[in-house]
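Enquirer: predicted model and sequence follow; I will ask about them next.
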Amino acid sequence: MAKCSFCDRKAVIFIRRTGKYYCEEHFEKFFLGRVRSYLDRNKIKRKKILAAISGGKDSSSMLWALNSLKNEYKLEIVAFHIDLGIKGYSKSCRKASEELCQSLGIELKILDLKKEYGKSLEEIARKSRKPCSSCGTIKRYLTNKAAYEGGFEYIATGHNMLDEAAFAMHNLYSGTIKQFMRGGEVIPPKPKLKMAGRIKPLYYLMENETMLYAILKAIPYSEEECPYSLGHPIIRHKRVLLRGEEELPGFVYNVLKSLNSLRSEKEEEVELNFCKICGYPTTSEICKFCRIMGQYNLKRFPKISPLEYPSISFKSIPERQGILEIIAPTAMMGSVTVFTIPAGARPLLFNSYMT
Ligand SMILES: [Zn+2]
Ligand SMILES: [Zn+2]
């Protein structure tokens with residue numbers, strides 16, 4: 001058995017890109033060192049962070065590592081989990097998230113998609129050809145909303161170096177350059193656009209390293225795989241990248257670094273509007289989240305500018321059982337117009353309208 005390159009103990013891993021063997025203790029040092037480098041480089045100190053956890057190994061390791069550095073970096077951390085309502089899978093993920101936060105003593109906020117918005121991901125997936133894309137939209141939207149409304153500057157996710165490189169490669173491969181441009185090491189907060197920033201503390205770590213960290217630290221996580229993720233093209237890109245890493249140690253890191261420099265050279269500002277239903281930023285009139293949740297009669301929705309939002313109010317009519325009505329102000333409509341929203345629509349969506 002190989003020995004650690006730094007002490008006499010037995011090695012638990014050989015890391016190709018450093019060319020070194022690591023024992024348990026030195027591996028942990030290496031792991032937290034990479035997270036520190038990330039936090040230092042991106043100036044993440046004294047921040048209020050909402051950690052998005054799925055219950056899987058990556059985000060669980062991320063929260064564990066972040067929590068270990070909490071005092072050193074003076075971070076305020078709250079965890080956030082979305083129960084997507086996918087049979088078997090979601091239950092196991094939710095349980096793992098609860099166990100994790102309990103053992104770390106971190107506050108956990110859980111959002112149950114079906115309970116809050118009337119539709120589970122399983123129901124959405126039945127009608128969608130691309131359930132992963134809808135799921136991504138839903139998770140991004142809801143974590144952002146939770147972070148923005150809770151006053152968090154950053155959302156932390158469990159994406160690692162391999163995920164990031166694979167996503168970038170996938171976008172370049174399929175020519176979705178706009179999506180490629182939107183990625184990056186860190187996304188700064190844009191409070192005017194109601195957008196929290198995004199950080200990826202495991203950005204300088206590979207997937208197998210995250211896995212080993214989770215095992216060594218006995219971190220509670222769910223081994224359940226999402227039934228919809230099987231066969232996703234990202235998996236193939238990961239395989240290609242790992243083959244590159246075999247041939248050229250440091251391949252994944254170097255590719256990612258170069259791709260990032262491409263991004264910063266040609267930073268494209270997309271024009272954003274505010275969704276006419278929920279008031280969160282979107283590139284079209286109605287945001288993708290509101291379209292996926294599809295609880296609205298879009299044709300009947302009034303054309304209004306974001307400036308006029310604060311004057312819209314909603315009221316619930318008890319005798320009509322959960323039916324909400326939006327009352328648009330007279331100034332832009334000519335007269336008071338009442339728009340009926342089908343049952344199942346949640347007042348939560350209307351937070352930004354309430355007067
Ligand atoms: Zn050692
Ligand atoms: Zn919306």
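Expert: Cool, got the structure. Ligands and ions are numbered 1, 2, ... in the order given.
Enquirer: what residues does this structure put near ligand 1?
Expert: Counting by Cβ under 5 Å from the ion, the positions of the chain adjacent to ligand 1 are Cys4, Phe6, Cys7, Arg9, Cys23, His26. Glycine gets a C-beta too; all of them are placed from N, C-alpha and C.
Enquirer: for Cys101, see how far away the residue in the stretch 201-350 of the chain that ligand 1 sits nearest to is.
Expert: Taking Cβ to the ion, ligand 1 has its nearest neighbour within the stretch 201-350 of the chain at Leu216, 12.8 Å off. Applying Cβ to Cβ, to the nearest Å, one obtains 20 Å for the distance of Leu216 from Cys101.
Enquirer: if you count surrounding residues, which of these two has more?
Expert: Cys101 (24 against 15; other Cβ atoms under 10 Å).
Enquirer: what are the phi and psi values for the more buried one?
Expert: According to degrees, to the nearest 10, the main-chain angles of Cys101 amount to phi -70, psi -30.
Enquirer: check Ile138 and give its pLDDT.
Expert: On the pLDDT scale, Ile138 is placed at 92.
Enquirer: and the nearest residue to Glu245 once chain neighbours are set aside, how many neighbours does it have?
Expert: Excluding its sequence neighbours, the residue lying closest to Glu245 (Cβ to Cβ, 6 or more residues apart in numbering) is Phe251, at 4.7 Å. Burial of Phe251, expressed as a neighbour count using other Cβ under 10 Å, amounts to 18.
Enquirer: for Phe251, which residues are in contact?
Expert: Phe251 makes contacts with Leu241, Gly244, Glu245, as judged by Cβ atoms under 8 Å, 6 or more residues apart in numbering.
Enquirer: so in the protein, which strand runs the longest?
Expert: With DSSP state E applied, the strand covering the greatest number of residues in the chain is identified as strand 76-83.
Enquirer: tell me which residue in the stretch 51-200 of the chain sits closest to ligand 1.
Expert: For the stretch 51-200 of the chain, the nearest residue to ligand 1 under the criterion Cβ to the ion is Ser68, separated by 18.3 Å.
Enquirer: and that residue, backbone torsions?
Expert: Reported as degrees, to the nearest 10, the phi and psi values for Ser68 are phi -70, psi -30.
Enquirer: run a quick neighbour tally on it.
Expert: A count of neighbours around Ser68, defined by other Cβ under 10 Å, yields 15.
Enquirer: from what I can see it touches Lys29, true?
Expert: No. With the criterion set as Cβ atoms under 8 Å, Ser68 and Lys29 do not qualify as a contacting pair; they are 11.3 Å apart.
Enquirer: state the phi and psi torsions of Phe204.
Expert: Quick fix: residue 204 is Tyr, not Phe. Residue torsions, per degrees, to the nearest 10, at Tyr204 are phi -100, psi 20.
Enquirer: same question for Ile138.
Expert: Geometry field for Ile138 lists phi and psi as phi -60, psi -50, criterion degrees, to the nearest 10.
Enquirer: thinking it is in contact with Ile82, fair?
Expert: Yes. Assessed by Cβ under 8 Å, Ile138 is found in contact with Ile82 at 7.4 Å.
Enquirer: who touches the longest strand of the chain?
Expert: With Cβ under 8 Å, 6+ apart as the test, strand 76-83 has contacts from 47-55, 63, 66-67, 70, 90, 93-94, 97, 100-101, 106-114, 138-139, 142-143, 146-147, 150, 152, 155-156.
Enquirer: filter those to the buried ones?
Expert: Judged by neighbour count, with 16 or more other Cβ atoms under 10 Å as the criterion, the buried members of the contacts of strand 76-83 are 47, 49-55, 63, 66-67, 90, 93-94, 97, 100-101, 106, 108, 111, 113, 138-139, 142-143, 146-147, 152, 155-156.
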